[in-house]
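In: got a sequence here, can you build the structure:
(one chain, ligands or ions: 3)
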Amino acid sequence: MTTIRVETEAPYDVHVGRGILVERLRETLGDAQRLLVVHQPAMSRIADHLKDALDVEVFLAEVPDAEAAKRIEVAQFLWQIMGQAEFTRTDAVLGLGGGAVTDLAGFAAATWLRGIRVLQAPTSVLGIVDAAVGGKTGINTEQGKNLVGAFHHPATVVADLELVDSLPRNELLTGFAEIVKAGFIADARILELLEGSLEASTDPTTPEFAEVISRSIEVKARVVANDFREAGEREFLNYGHTLGHAIEHNERYRWRHGAAVSIGMVFAAELSRLAGRLPERVVDRHREILGSLELPMTYPVGRWQSLLGQMRKDKKTRGSMLRFVVLDDVAKPRILEGPDEGLLFMAYQSLAD
Ligand SMILES: NC(=O)c1ccc[n+]([C@@H]2O[C@H](COP(=O)([O-])OP(=O)(O)OC[C@H]3O[C@@H](n4cnc5c(N)ncnc54)[C@H](O)[C@@H]3O)[C@@H](O)[C@H]2O)c1
Ligand SMILES: O=C(O)C(=O)C[C@@H](O)[C@H](O)[C@H](O)COP(=O)(O)O
Ligand SMILES: [Zn+2]
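Out: Ligands and ions are numbered 1, 2, ... in the order given. Now for the predicted structure:
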């Protein structure tokens, strides 16, 4: 088992290993009497097992799959269960599933009684390396992605790789978009591993996979420890997300987050190049790595105006000034403020298929 400590004002551990779920949850639950297990349909067998395996009263909440879970109606369903079961401030919530569930469970915990503990058990690659770590929780609204939420530290993160065995290959690969992001913004070794041994790096049984996972968690842990509430460097974790979130909204949340972020990173890299910051070879490197992971990198030109409108709702926007995470080089992220609309459109045109 590997353990990575997240040194925030309320420090916690991220455990990654096989067969570790029950023991690690027990360790963290302490004096909790009740636990709400929020899970995706794919995790119903494991959720059932937790009912017998844990020494607390377990309430199960199966929620709709993927982004359909990140809605106010589903949060309300969770509040209702906690209200009926009289959850107190010593009780806890567990997010068991991909990033959509860890975001929702975290949000329910952050808002119930103004904040009870959340334990996160991510079961997708994306959830393990990114969503379950760092305490950003939230849901979507009609107007956009993650527009409502709270910062709320998890009490622990337990990534049991036995649960990841059932993750379909295409879901595993979309999770790699956030690993590539961690590589480009902070850790060139991740990119080298993907370039040098893609097959091994994406095979959950290998040391290469273990290394890209733990390096990505370490990037996230370092950044959120320095800037939990996103007053500065945490914005760099949003590389590729300004356009990515707009695409997710445009696709009515039927796309996977990682797929949209992949296109968003190519856009951000092209914007960095056009702004005179990033050498062309680093932009090419984006396309080579994301292409090798079978991630999308193109989008229809005709959608520009609606995407631009959507990007204005991004949380990095200040007043009417759009702000983008760009790169000066690998591991040298910067914020580009208020770029000219012509420049943005040129970057977008390079995504045409
Ligand atoms: N809070 C954060 O910091 C943060 C960071 C990155 C992403 N996110 C959010 O995370 C979400 C994306 O996460 P995701 O890609 O995990 O999507 P997801 O939660 O929708 O999971 C993707 C699919 O994989 C299935 N799945 C998950 N684990 C499985 C398993 N072990 N076996 C079989 N099927 C399994 C799910 O049921 C779903 O169908 C987005 O909503 C995104 O906004 C949040
Ligand atoms: O943890 C962060 O900070 C991130 O930006 C990580 C992103 O990968 C993640 O998708 C996050 O949910 C985006 O947050 P948002 O603030 O842009 O909604
Ligand atoms: Zn993301």
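In: contact partners for residue 109?
Out: Contacts of residue 109 were listed using Cβ atoms under 8 Å, 6 or more residues apart in numbering, and they are 92, 93, 115, 116, 117, 118, 137, 152. Just so you know, the C-beta spots here come from the backbone N, C-alpha and C atoms, and that holds for glycine as well.
In: and for residue 165?
Out: The neighbours of residue 165, taking Cβ under 8 Å, 6+ apart as the test, are residue 204.
In: distance of it from ligand 2?
Out: Counting by Cβ to the nearest ligand atom, to the nearest Å, the separation of residue 165 from ligand 2 is 24 Å.
In: state the phi and psi torsions of that residue.
Out: phi -50, psi -30 (degrees, to the nearest 10).
In: what does residue 339 give?
Out: The phi and psi torsions at residue 339 (degrees, to the nearest 10) take the values phi -60, psi 150.
In: number of residues surrounding it?
Out: Other residues lying near residue 339 total 17 when counted by other Cβ atoms under 10 Å.
In: now do it against ligand 1, distance only.
Out: Applying Cβ to the nearest ligand atom, the value for residue 339 to ligand 1 is 24 Å.
In: list the contacts of that residue.
Out: With contacts defined as Cβ under 8 Å, 6+ apart, the neighbours of residue 339 are 271, 275, 322, 324.
In: for the second one, grab the count of nearby residues.
Out: Burial of residue 275 is recorded as 17 neighbouring residues (other Cβ under 10 Å).
In: any idea of the pLDDT on the residue nearest the centre of the chain?
Out: The residue lying closest to the centre of the chain (Cα atoms, centre = their mean) is residue 131, at 3.1 Å. Residue 131 carries a pLDDT value of 99.
In: list the contacts for it?
Out: For residue 131, the residues meeting the contact criterion (Cβ under 8 Å, 6+ apart) are 98, 99, 102, 103, 122.
In: with residue 251 instead?
Out: Contact criterion Cβ under 8 Å, 6+ apart gives residue 260 as the residues in contact with residue 251.
In: returning to what we had before: and which of the contacts of residue 131 is nearest residue 27?
Out: For the contacts of residue 131, the minimum distance to residue 27 (Cβ to Cβ) is 17.4 Å, reached by residue 122.
In: shouldn't that closest one be in contact with residue 98?
Out: Yes. Look at residue 122 against residue 98 with Cβ atoms under 8 Å: they come within range, at 7.0 Å.
In: the stretch 251-353 of the chain against ligand 1: which residues are in contact?
Out: Contact residues (Cβ under 6 Å from any ligand atom) of the stretch 251-353 of the chain with ligand 1: 256, 257, 258.
In: kindly report the same for the stretch 1-150 of the chain.
Out: Taking Cβ under 6 Å from any ligand atom as the contact definition, the stretch 1-150 of the chain meets ligand 1 at 40, 42, 65-67, 70, 97-101, 103, 123-124, 126-127, 130-131, 134, 136, 146.
In: which ones among those residues are found in strands?
Out: By the criterion of DSSP state E, membership of these in strands covers 97, 136, 146.
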